[in-house]
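>>> Dropping a prediction and its sequence here:
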Amino acid sequence: AGSLTWVSHGDATDRKVTFTLTAQVMRSYSGFVGSGPGGSVVGGDVVELKGLDPVLFRSGVPGEKPQSVMLQVLSVDPERDTIQGTWETTVSYPPHPPPFNASISGCCRPPSASHALSPLAHSLTAGGNTPFTLTATVDPSLPS
């Protein structure tokens, strides 16, 4: 689960926008390696979001390369087997006519034998091999 938000810091000439992704993902399902005992993820770790493919941010600027999404882990819930965290990036938009369609996308929750051991496995199997996209339409010349 996640949400993608943006805040404009500029005006028509200084077109900077900060994007924030807030996400909750299964800890054991994505192969995260952290700084805790046995490589477990703990608060303060930074992990790359991925499934079968990496999760990528696209600013919507023509020709700009996508960025990997590196989640700053805020909390871990071992009982629910989830991590919660945020990721943030700032983009300077060109003077092209807005709007721009920024997105975060990826595919997919990989099938895994360990997934079946999760207490939430029954509720997460639907759509397990389905790509996802979170999109935000951005006009950097407008105040947030």
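Received it, and whenever you're ready, just let me know what you need.

>>> helices and strands of the protein: which one bottoms out on pLDDT?
Least confident helix or strand, the chain: helix 121-124 with a mean of 42, by mean pLDDT, DSSP states H and E.

>>> Pull up the pairing partners for the next helix-or-strand element following that helix, direction included.
The first helix or strand that comes after helix 121-124 along the chain, using DSSP states H and E, is strand 132-138. Take DSSP bridges as the rule and strand 132-138 pairs in its sheet with strand 100-106 (antiparallel).

>>> Show me what counts as buried in the strand it pairs with.
100, 102-106 (16 or more other Cβ atoms under 10 Å). C-beta here means a position set from N, CA and C on the backbone, and glycine is covered the same way.

>>> go on, stretch 7-23?
By 16+ other Cβ under 10 Å, the buried positions in stretch 7-23 come out as 8, 15, 17, 19, 21-23.

>>> cool, stretch 32-51 as well?
Result for stretch 32-51 [16+ other Cβ under 10 Å]: buried residues 32, 34, 41, 45, 47, 49-51.

>>> could you point out where the chain is predicted with low confidence?
Counting by pLDDT under 70, the chain contains low-confidence residues at 10-12, 29-30, 109-129, 143-144.
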